[in-house]
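S.K.: how would this look folded up:
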Amino acid sequence: MAHEELLKPTLHIEALLKFPPPGPGVNLEICTALAVRLKDDYDTVTVGQRVTGFDGLKHHKLLGGVEIADYTGPENKTGYYDLRHVELDVQAYVLVTEDDTDPSRTIEQGEADDLPKARILQLPNAALNEEWSSLVFDDALPARLLRYLVRMLSMMSQPGLNLSTFNWNRLCLLHGPPGSGKSTLCRALAQKLSIRLGNIFTKSILVEINTNAMLSKYFGESGKLIGAMFERIYSLAQNRSTLVCVVMDEVETIAGSRTRSTNGSECNDGLRATNQLLTALDRLRNLPNIIVICTSNLIDAIDSAFLDRVDIKQLIPTPSPAAIYNIFRSCINELVRSSLVDSTTTNPTTPVHAAPPSTPPKPTTRANKNKRKLDQTDPPSSSSRTTLIPSSSSANDSWSLVAQPQTIPPFSEMKVKYENQPSSPAHRVWTLAQRCHGLSGRTLRRLPILGLAMYTWGGICSLEEAVSALEKAVEQELLVVGRGVV
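M.R.: Residues are numbered from 1 along each chain as shown. Modelled structure (predicted):
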């Protein structure tokens, strides 16, 4: 007898709503209708695809965009998913756009240093909307972490589950070198959790703790500040329908090794801070709607008792050459999109009257239905210089030449098309990516715009000039790193 797979293949669809649904039950109604329409109209889809054609739905005016966001299940090398063999998890959400300067969204405690002790954001938040798409990691690391955390929270929310049976703290630690993207990944995970778990939690909150503000100049105050902070978090989580995501950057600041503290010349205030943090975390264990995500550049400096409580310890390394290529690619293509770099060219050898160019296979729709097309805002092939479009609505009309911006292609396309073209912008960026292995993500994202600022004369430059400026910026950065300058 065949055993059912523990992990059912699932496609996660995110539906952005323009404004909140008008009444209870409408959100579920929208999700159900979208799932039915997708099954009816599409045979296959791919992650990242934006789908359209929902005008006939009852609440179609609410929809701001529908995207195939993620896939959970066995590996699929083709990247195309047959809707007959996967489940659909559709989540509709509204972005919160409240003012970041609202004083109710910060936590102030005591008299110390006039620093906000934490920032509170409702999720999903418009301020974090681009965090996930900015992440560039190997091996789909963000998606894997998201799946772990979703499963953790959904299982812990099972009615009747005795939480004291399991030593599960819902505590995740991302550690690695500075500038590797840990902080951005934390906020992006919180944002995605609020969307993915929308059917379990009706409200979500992000609490970003400023760990540096937890240490007071007054002896004995640090422990009190930490205790008061987690008391506030505990009260926020009393409503079990509210997901509370706690993010702590540089957690070693308040979770330092007590052994080092007692053996060294440090005062006992750090020891008291660590003790208070451990006590507070133990108290949160019985609240299944709290998850704590921490970062650290110095995992060896963290107290062993804190590490023993961590459920997921994930190393976030410096980007690989392939990831560096994609980081440079995203930066340069953004410069093209914003018109700081002008790469629009026309190939004079392309005939004005010709058949439309061939395109790679796209997700298929059912032949016996009205075919739903990919979102027309999707960019053309990244390496194309020209696109032929019909000069009128008639399919028999001649095709006209329209100039399209040339951009840096995806890594897989670069390896196929430009591996043997060393003078092409794509190959030059790949050469730079290999040279930059070991640099932090923070540094890498600075170099493309720094290159334009330092090595161009102003105005709009070409794609080739932008890559040349990047080459000079990389050369200068490597010289500085080689001299040991931080």
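
S.K.: Would you map the helices across the stretch 351-486 of the chain?
M.R.: Listed from the start of the chain, the stretch 351-486 of the chain has helices (DSSP state H, counting those that start in this stretch) covering 411-417, 425-435, 441-455, 463-482.

S.K.: Nearest approach to residue 276 belongs to which of these?
M.R.: helix 441-455 (31.4 Å; C-beta to C-beta). (Each C-beta comes from the backbone N, C-alpha and C, glycine too.)

S.K.: show me what contacts the closest residue to residue 298 other than its chain neighbours?
M.R.: For residue 298, the nearest residue in space outside its immediate sequence neighbours is residue 252; the separation is 5.0 Å by C-beta to C-beta, 6 or more residues apart in numbering. Listed by C-beta atoms under 8 Å, 6 or more residues apart in numbering, the contact set of residue 252 reads 296, 297, 298, 299, 301, 302.

S.K.: residue boundaries of the helices in this structure?
M.R.: Taking DSSP state H, the helices of the chain run over residues 26-41, 141-156, 182-196, 221-236, 258-263, 269-284, 304-309, 321-337, 411-417, 425-435, 441-455, 463-482.

S.K.: from the contacts of residue 252, which is closest to residue 343?
M.R.: Here the nearest of these to residue 343, counting by C-beta to C-beta, is residue 297; it sits at 37.6 Å.

S.K.: wait, the closest one sits on residue 178?
M.R.: Yes. When contacts are counted by C-beta atoms under 8 Å, residue 297 is listed as touching residue 178 (5.1 Å).

S.K.: could I get the contacts of residue 252 as JSON lines with pLDDT, neighbour count and distance to residue 318?
M.R.: As requested, the contacts of residue 252 are exported to JSON lines (pLDDT from 0 to 100; neighbours: other C-beta atoms under 10 Å; distance: C-beta to C-beta, whole Å):
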{"residue": "296", "pLDDT": "97", "neighbour count": "23", "distance to residue 318": "15"}
{"residue": "297", "pLDDT": "95", "neighbour count": "15", "distance to residue 318": "12"}
{"residue": "298", "pLDDT": "94", "neighbour count": "14", "distance to residue 318": "16"}
{"residue": "299", "pLDDT": "95", "neighbour count": "16", "distance to residue 318": "15"}
{"residue": "301", "pLDDT": "93", "neighbour count": "14", "distance to residue 318": "20"}
{"residue": "302", "pLDDT": "95", "neighbour count": "20", "distance to residue 318": "20"}
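
S.K.: Out of the helices of the stretch 351-486 of the chain, which gets nearest to residue 220?
M.R.: Among these, helix 441-455 comes nearest to residue 220, with 35.9 Å by C-beta to C-beta.

S.K.: Identify each buried residue in the closest one, please.
M.R.: By 16 or more other C-beta atoms under 10 Å, the buried positions in helix 441-455 come out as 441, 443, 444, 445, 446, 447, 448, 449, 450, 451, 452, 455.

S.K.: Stretch 244-254 too?
M.R.: When neighbours are counted by 16+ other C-beta under 10 Å, the buried residues of stretch 244-254 are found to be 244, 245, 246, 247, 248, 249, 250, 251, 252, 253, 254.

S.K.: so what's the fifth one up against?
M.R.: What that stands for is residue 248. Contacts here follow C-beta under 8 Å, 6+ apart; on that basis residue 248 touches 209, 211, 254, 292, 293, 294, 295.

S.K.: Looking at strand pairing, list the partners for it.
M.R.: According to DSSP bridges, the residues that bridge with residue 248 are residue 209, residue 294.
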